[in-house]
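In: give me the fold of what follows.
(one chain, ligands or ions: 2)
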Amino acid sequence: MTDSDVIVMGGGAAGLAAATTARRAGLGVVLVSDGDPGGDCTFTGCVPSKTLLHAAARGMPFGEALARVRHTVARVAATENDDVLRQQGINVVRGRARFVSARTVSVDDRRMTARQIVVATGARPAVPPIPGLGRVPLLTTETVFDLAEAPGSLAILGGGAVGCELAQAFARLGVEVTLIETQPRVLPALDPEASAALSEALTEDGIRLRTGTAARAARMDGRQVLLDLDDGETVRADRLLVATGRRPDTHDLALESVGVRTDERGFVLVDRYMATGVKGVSAAGDVTGLFPHTHGAYAMGRIAVTAGLRRTRRPAFDPSSIPMVVFTDPEVAVVGTAERDLSGTSARVAYLPMTEVDRAITSADPCGFVKLLACPRRLLGTVGGGRVLGATIVAERAGEMIHEPALAMRTGMFTGRLAQAVHAYPTWSLAIQQTAAQFVGGHGGRTARPAGQRARDR
Ligand SMILES: Cc1cc2nc3c(=O)[nH]c(=O)nc-3n(C[C@H](O)[C@H](O)[C@H](O)COP(=O)(O)OP(=O)(O)OC[C@H]3O[C@@H](n4cnc5c(N)ncnc54)[C@H](O)[C@@H]3O)c2cc1C
Ligand SMILES: NC(=O)c1ccc[n+]([C@@H]2O[C@H](COP(=O)([O-])OP(=O)(O)OC[C@H]3O[C@@H](n4cnc5c(N)ncnc54)[C@H](O)[C@@H]3O)[C@@H](O)[C@H]2O)c1
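Out: Residues are numbered from 1 along each chain as shown. Ligands and ions are numbered 1, 2, ... in the order given. The predicted structure follows:
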């Protein structure tokens with residue numbers, strides 16, 4: 001029996017953050033990982049997908065692009081492997097962890113106890129119950145980066161972040177891509193204008209978008225996959241990638257035996273301190289379903305440990321000002337509240353198309369926009385432009401630009417400060433200054449409008 005202060009189940013972003021935070025606090029830590037530390041982000045998520053997008057944008061041949069992916073994954077994995085963790089004093093145990101009690105975990109025939117246990121077991125691709133799909137050799141994000149050669153054609157189910165990013169990467173690598181999304185638009189959870197701008201870009205890349213329709217059956221015809229869609233069309237492709245979301249990896253943890261509650265999809269229920277309600281047991285990362293991105297997983301992993309250490313001023317997880325980015329070209333970046341949730345309120349919207357931003361004009365294709373949302377401040381009203389509630393940016397560098405409004409939100413800044421701060425010319429970020437100026441006077445004839453009201457001039 002091994003005894004320690006903290007046992008972390010899972011070696012992905014959340015688990016690594018929990019383990020390193022605990023170690024830095026001087027605690028004895030056991031990290032149980034059933035695979036190489038790094039998890040989804042390093043091996044099957046962010047790192048391979050961003051490398052593939054980068055290689056595809058530079059016109060690399062498929063074989064070279066996939067070799068680049070393997071090389072990059074190995075490079076990142078080497079920064080967080082067992083040796084690196086052991087040097088930090090983290091005791092890495094390989095195997096699959098399972099609860100024996102709220103203080104005891106088993107890994108194969110080994111038992112370990114700790115005062116605190118962090119569940120950070122992540123999520124796995126979810127495959128929808130489409131008749132015939134079980135008999136089709138499908139790809140998921142766990143296998144797509146292992147392809148030895150380029151398929152001639154690829155059908156992708158799901159137009160979320162994975163579907164859009166990989167559709168563009170494969171299309172630019174010369175693969176004929178059809179993207180099928182049940183909702184009426186790609187990235188259905190985001191601002192409709194962002195979906196429209198990205199749809200245009202994906203279509204320009206030669207991707208066939210089939211939105212607002214579902215596959216009702218899947219079958220093989222020789223070596224090809226056939227998908228019968230609701231609207232009567234049959235999509236034929238050499239390979240099929242399923243990117244329809246993820247399910248939590250909790251089925252064999254014996255959570256119920258220790259009283260840890262899950263929602264109807266199996267995600268672990270936690271409060272804002274990442275506590276499960278069972279004393280000493282917390283959870284972090286994708287397994288909670290709260291904010292399924294690496295930086296969210298890191299933040300949750302840190303909080304799961306630090307909140308357990310402190311009685312007062314406990315850090316809490318607050319995703320309201322954490323940005324997320326879809327790394328397509330153009331990038332789509334979002335933080336905070338969306339315009340559709342502000343209709344009928346006193347919130348105002350400032351909008352600037354990239355066709356009016358000099359840096360975008362100097363690039364080949366000035367597509368996209370910046371949209372900032374702000375509301376009056378208590379007692380002060382719209383003085384100083386109010387405070388920032390959210391932003392959606394579609395632009396070549398949207399992923400970098402989004403952090404300025406995110407910081408404004410996090411620090412409760414007056415929106416007008418973004419307009420006052422002199423930005424360098426001609427940067428992409430200058431678009432933030434120009435958009436913010438619409439809350440405090442105007443810019444280029446544009447002023448902020450009430451949320452939910454369509455602008456006359458796009
Ligand atoms: C294709 C793709 C691209 C993505 N791109 C981005 C991006 O660009 N930016 C971004 O922020 N996010 C991105 N994400 C999301 C990001 O990868 C995840 O949000 C993040 O990796 C979640 O980390 P986690 O630690 O919660 O879970 P995971 O990384 O899944 O880690 C959980 C680990 O626990 C292990 N495990 C499971 N059960 C047990 C057990 N019983 N015992 C021991 N170990 C166990 C698992 O094998 C895994 O290694 C992407 C995801 C995908 C699929
Ligand atoms: N850049 C990033 O931060 C990034 C990139 C990729 C993935 N991720 C994360 O990884 C996770 C998985 O991404 P994802 O894109 O698979 O999930 P998702 O939930 O973001 O998107 C899944 C999409 O599939 C659609 N869908 C569901 N069932 C379908 C069906 N039967 N046929 C066609 N479409 C269907 C949904 O409407 C949705 O648009 C998400 O949590 C995502 O946030 C993040």
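In: find the closest residue to ligand 2 in the chain.
Out: The minimum distance from the chain to ligand 2, using Cβ to the nearest ligand atom, falls at Gly160 (2.0 Å). In short, each C-beta sits where N, CA and C put it, glycine included.
In: and for Gly232, the neighbour number?
Out: Neighbour count of Gly232, defined by other Cβ atoms under 10 Å: 7.
In: for it, phi and psi?
Out: For Gly232, the backbone dihedrals (degrees, to the nearest 10) come out as phi 100, psi -20.
In: which bits of the stretch 151-300 of the chain sit near ligand 1?
Out: By Cβ under 6 Å from any ligand atom, the residues of the stretch 151-300 of the chain that approach ligand 1 are 162, 249, 253, 285-287, 292-295, 297.
In: which non-adjacent residue is nearest the residue of the stretch 351-458 of the chain found nearest ligand 1?
Out: Of all residues in the stretch 351-458 of the chain, Gly399 sits closest to ligand 1, at 9.0 Å by Cβ to the nearest ligand atom. Distance criterion Cβ to Cβ, 6 or more residues apart in numbering; nearest residue to Gly399, sequence neighbours excluded, is Val325 at 3.9 Å.
In: pLDDT on the helix or strand hosting Val47, on average?
Out: Element membership for Val47, per DSSP states H and E: helix 46-57. In this model, helix 46-57 has an average pLDDT of 98.
In: which residues sit against the helix or strand that it is followed by?
Out: Sequence-wise, the next helix or strand downstream of helix 46-57 (DSSP H and E) is helix 62-77. Residues external to helix 62-77 that are found in contact with it (Cβ atoms under 8 Å, 6 or more residues apart in numbering): 36-38, 42-43, 47-48, 51-52, 55-56, 60, 145, 147-150, 173-175.
In: Arg219: which element?
Out: strand 215-221.
In: nearest residue to the residue of the stretch 251-400 of the chain found nearest ligand 1 other than its sequence neighbours?
Out: Nearest residue of the stretch 251-400 of the chain to ligand 1, counting by Cβ to the nearest ligand atom: Gly285, 2.2 Å away. Leaving aside its sequence neighbours, Gly285 sits nearest to Ala14 (Cβ to Cβ, 6+ apart; 2.7 Å).
In: ok, the one you found - contacts?
Out: 118, 120, 122, 284-287, 297-298, 300-301, 304.
In: swap in 6 Å and give it another go.
Out: Going by Cβ atoms under 6 Å, 6 or more residues apart in numbering, Ala14 touches 120, 284-285, 297, 300-301.
In: thinking again about what came up before, sheet-wise, list the partners of the strand holding Arg219 with their directions.
Out: strand 224-229 (antiparallel) (DSSP bridges).
In: and Gly289, its phi and psi?
Out: phi 70, psi 10.
In: isn't it up against Phe267?
Out: Yes: taking contacts as Cβ atoms under 6 Å, Gly289 lies within contact range of Phe267: 3.4 Å.
In: which stretches of the stretch 1-150 of the chain form strands?
Out: Under the criterion DSSP state E, counting those that start in this stretch, the stretch 1-150 of the chain contains strands at 2-9, 29-33, 90-94, 97-101, 104-107, 110-119, 123-125.
In: how about Arg247, nearest residue that isn't a chain neighbour?
Out: Nearest to Arg247 is Ala126, by Cβ to Cβ, 6+ apart, at 4.2 Å.
In: what's the neighbour count on the one you found?
Out: 16.
In: likewise for the one 4 residues further on?
Out: Ile130 has 18 neighbours, counted by other Cβ under 10 Å.
In: is stretch 39-50 anywhere near ligand 1?
Out: Yes: Stretch 39-50 reaches ligand 1 (Cβ under 6 Å from any ligand atom) through 39-41, 44-46, 49-50.
In: and those as a markdown table, adding distance to Ala102?
Out: As requested, those are exported to a markdown table (distance: Cβ to Cβ, whole Å):
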| residue | distance to Ala102 |
| --- | --- |
| Gly39 | 24 |
| Asp40 | 27 |
| Cys41 | 29 |
| Thr44 | 31 |
| Gly45 | 30 |
| Cys46 | 33 |
| Ser49 | 37 |
| Lys50 | 38 |
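In: of these, which is the most crowded?
Out: Gly39 (28 neighbours).
In: go ahead and confirm Cys164 touches Pro330.
Out: No: with contact defined as Cβ under 6 Å, Cys164 does not reach Pro330; the gap is 11.2 Å.
In: how about stretch 374-386 as CSV, C-alpha atoms only?
Out: Presented in CSV, the C-alpha positions along stretch 374-386 are these (Å, rounded to 0.1, in the frame of the first residue of the first chain):
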residue,chain,number,x,y,z
ALA,A,374,-20.5,45.8,-23.9
CYS,A,375,-23.1,46.7,-21.4
PRO,A,376,-23.6,49.7,-19.1
ARG,A,377,-21.8,49.7,-15.7
ARG,A,378,-23.7,49.9,-12.5
LEU,A,379,-24.2,53.5,-11.5
LEU,A,380,-22.0,54.8,-14.3
GLY,A,381,-24.1,53.6,-17.2
THR,A,382,-22.3,53.8,-20.6
VAL,A,383,-19.6,56.2,-19.3
GLY,A,384,-16.3,55.1,-20.6
GLY,A,385,-18.0,52.7,-23.0
GLY,A,386,-19.4,50.4,-20.3
